[in-house]
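Engineer: Any chance you could fold what I've pasted below:
(chains A and B)
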Amino acid sequence: MSVPAEAPGDLPEAAVRRMGEGAFTSGLTVPDFAACLQMGLEPVGFTQGYCVMNWQWYGMSPLGGGGFGYQWGGVRGYSETWNCPHGMVSAEHRSWGQNYEQSWVEDAWATGFSTAYARMLQEAASAGAHGIVGVVDSTSPLSDMGVVEFRLQGTAVRVIDGDPPADGRPWSTYLAGQRLTKLVEAGYAPVAVAASVASVGVWANCVTQYLSEGSNSMFGGATPGAEITQLVNAQMMARQIATQRVREQLGGDSLHGAAMTTVQHERGEGDVEVECVLRGNRVRRFREFDPMPAPRPTVRLL
Amino acid sequence: MTGTGPFDEDADAGAVDVRADMRAAAGVLSGGAVPASGRMTSDLSIDEELVLHSIGWEPVAVVSGVSIHSVPIGVWNWGQGEIAYASAAYARSFALATERIHEQCSRAGGHGVVGVRVEWAVERHHVDVALTGTAVRPVGAPGIGTDPVFVSDLSGRDFALLHNAGWSPLGLAVGASFVYAPRRSMGTTMKQSGRNVELTNFTEAMYAAREAAMERMQASAITLGGSGVVEVKVTEGPMEFAHHAVGFTAYGTVVHLAAGEHRHPGARTVLAMDDPAPAFDAASLRRA
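Structural biologist: Residues are numbered from 1 along each chain as shown, chains lettered A, B, ... in the order given. Okay, here's the model as predicted:
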């Protein structure tokens, strides 16, 4: 995650005091708790990070809620123009279309996520933790005016007799319990949760509009049953951008257990907005892979 | 927090020392030396990755393919027989999405894609298909293999089981058919009103759709050179937006016997000793 090197020093004083008190807190299930102890991980505290963002863009983003209008300032990245094959037809005719990366949506998401993440790390670091396991993240709109809450939580742990992380920044992972045990046994060290969003807007040209609405163009160019290439390109690019962003966060590490979620929101008349969120565990190999013997299949008698 | 007891891990002689592993992992994260390794992305679970490694395969990259085809206006409501536009849009969307995921897999150096998540939707005016999975290859294998790239919706576990039994996946076989259920005449409607009768127009339409879809799926399996299809998923029923149209879709992974003969996996039978305790049933108290 692209987290600021210096986490914001805005942890509530009460939280610092609470984390320093005797009893640990944890979001782990009992089996996960037992697995952590087996690995030599000692729970330190249940840590959280929150960030409530006001969306800069006043648009149709599902993260930002309803509204209307488009902001073109600050557009960067992917952009593709789709011209009308018909020439000048009428003022209502969509003689031009555009696929464009909604960088303001992506920036807002990245800021909200990374700030909440940094706050969670800061809580863990202040409690002397080495890492955070079982991270859960979520976003939810707080109102219909583009206000979104980013929430991350997990259990801070310390490696018994282990080295603290370099630069004091705790490592983090979505995994906990036996899945984390197996990851470590496979020779991977958890580094950080990795997440990115890509948002692509589609301003449909006439052909895309006709095809999306199933109507046949009296001007030609929109063959009934044809592929809607403008939408396909938007979908493919959203996936590629999200993947590329996560790859940039990886350095020389790998991404494990990735989850890619893509949502398409119809705006009407062929216009859509595609959002792709990719998240997973950034992991680093700490020893050469030692493949386990082929597991023996079993049949369970009930 | 630590110590010995009835669950002491030392009781399991020969077990992996996971504490030492965790300390070694922490050592690397505190700035220790890192062994050289390739960068990969994977949406497989750790279990799937381990089982893949156990048969000599490894994940390479998360790959995807998408296709969206238009369905012309009006085709769902009036007509006879198959709704050819819709069936063709489904087939073409699957074919192009598969082609794109193939391309990404080849570019990433994968020999095939496993655990493909198939997301599809048939809407009134378009059919959407999106495939997402993890490209895999034999450990350390360079570039593209000699065999054609395969796309499979089998999990890592199922792929390993299939591999150990001497079989290989070849690709996805797909078949779909959308058919009109003819409207009944006014007289028939009146005659059947309020009676227990079969609506044969719907039953026949459903059978027609099923036969066409299954036949197409089998035909695509044969085209791929497979000897069968496993894990077939089917959907059937009237379309939400057109109640006089019924659809049947089917897809699965095409397999063929790669080894000389089928190898029996030799599963060991186990009897679990952890039966759950009977749940407390308050109703039984009243009966007593």
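Engineer: Could you report the distance from A:I160 to chain B?
Structural biologist: Noted for A:I160: a distance of 7 Å to chain B, by C-beta to the nearest C-beta, to the nearest Å. Bear in mind the C-beta positions are built from the backbone N, C-alpha and C, glycine included.
Engineer: pretty sure that residue contacts B:R19?
Structural biologist: Yes. Counting by C-beta atoms under 8 Å, A:I160 touches B:R19, with 7.5 Å between them.
Engineer: list residues touching both of the two?
Structural biologist: Common neighbours of A:I160 and B:R19 (criterion: C-beta atoms under 8 Å, 6 or more residues apart in numbering or on different chains): A:G40.
Engineer: residues in the stretch 51-200 of chain B within reach of chain A, list them.
Structural biologist: Proximity of the stretch 51-200 of chain B to chain A, by C-beta under 8 Å from any C-beta of the partner chain, involves residues B:51, B:53-56, B:62, B:64-75, B:85, B:88-89, B:92-93, B:96, B:100, B:124-126, B:128, B:130, B:132, B:139, B:160-161, B:164.
Engineer: picking up where we left off before, higher neighbour count, A:I160 and B:R19?
Structural biologist: B:R19 (20 against 17; other C-beta atoms under 10 Å in any protein chain shown).
Engineer: contacting residues around that one?
Structural biologist: For B:R19, the contact set (C-beta under 8 Å, 6+ apart) comprises A:38-40, A:160.
Engineer: Among those residues, which ones are in helices?
Structural biologist: Assigned to helices by DSSP state H, the following of those qualify: A:38-39.
Engineer: Who wins on neighbours among the contacts of B:R19?
Structural biologist: When neighbours are counted by other C-beta under 10 Å, A:M39 leads those with 24 neighbours.
Engineer: wait, doesn't that one sit right on A:V184?
Structural biologist: Yes. Counting by C-beta under 8 Å, A:M39 does reach A:V184; the two are 6.6 Å apart.
Engineer: Which residues are in contact with each of those two?
Structural biologist: Contact with both A:M39 and A:V184 is made by residues B:18, B:21-22, according to C-beta under 8 Å, 6+ apart.
Engineer: Kindly identify which of those also come near chain A.
Structural biologist: Filtering the shared contacts of A:M39 and A:V184 for neighbours of chain A using C-beta under 8 Å from any C-beta leaves B:18, B:21-22.
Engineer: got the residue ranges for the helices in chain A?
Structural biologist: A:13-19, A:30-39, A:103-126, A:177-185, A:206-213, A:229-250.
Engineer: try chain B
Structural biologist: Under DSSP H, chain B gives helices at B:18-29, B:46-54, B:84-108, B:156-164, B:186-192, B:200-223, B:282-287.
Engineer: Output the contacting helices and strands for the fourth one.
Structural biologist: When contacts are defined as 3 or more C-beta pairs under 8 Å, 6 or more residues apart in numbering or on different chains; DSSP states H and E, helix B:156-164 packs onto helix B:46-54, strand B:57-70, strand B:112-122, strand B:167-180.
Engineer: Out of these, flag the one nearest A:P297.
Structural biologist: Within those, the stretch nearest A:P297 is helix B:46-54; the backing value is 10.6 Å (C-beta to C-beta).
Engineer: isn't A:H256 right next to A:R285, touching?
Structural biologist: No. Using C-beta under 8 Å, A:H256 makes no contact with A:R285, being 10.7 Å away.
Engineer: Can you get me the start-to-end distance on stretch A:266-277?
Structural biologist: Start and end residues of stretch A:266-277 are separated by 18 Å (C-alpha to C-alpha, to the nearest Å).
Engineer: next one: that stretch to chain centre, how far?
Structural biologist: On the basis of C-alpha atoms, centre = their mean, to the nearest Å, stretch A:266-277 sits 19 Å off its chain's mean C-alpha point.
Engineer: do the same with stretch B:227-243
Structural biologist: 13 Å.
Engineer: Stretch B:50-65 now?
Structural biologist: The chain centre lies 16 Å from the centre of stretch B:50-65; the measure is C-alpha atoms, centre = their mean.
Engineer: And stretch A:150-157, by the same measure?
Structural biologist: 15 Å.
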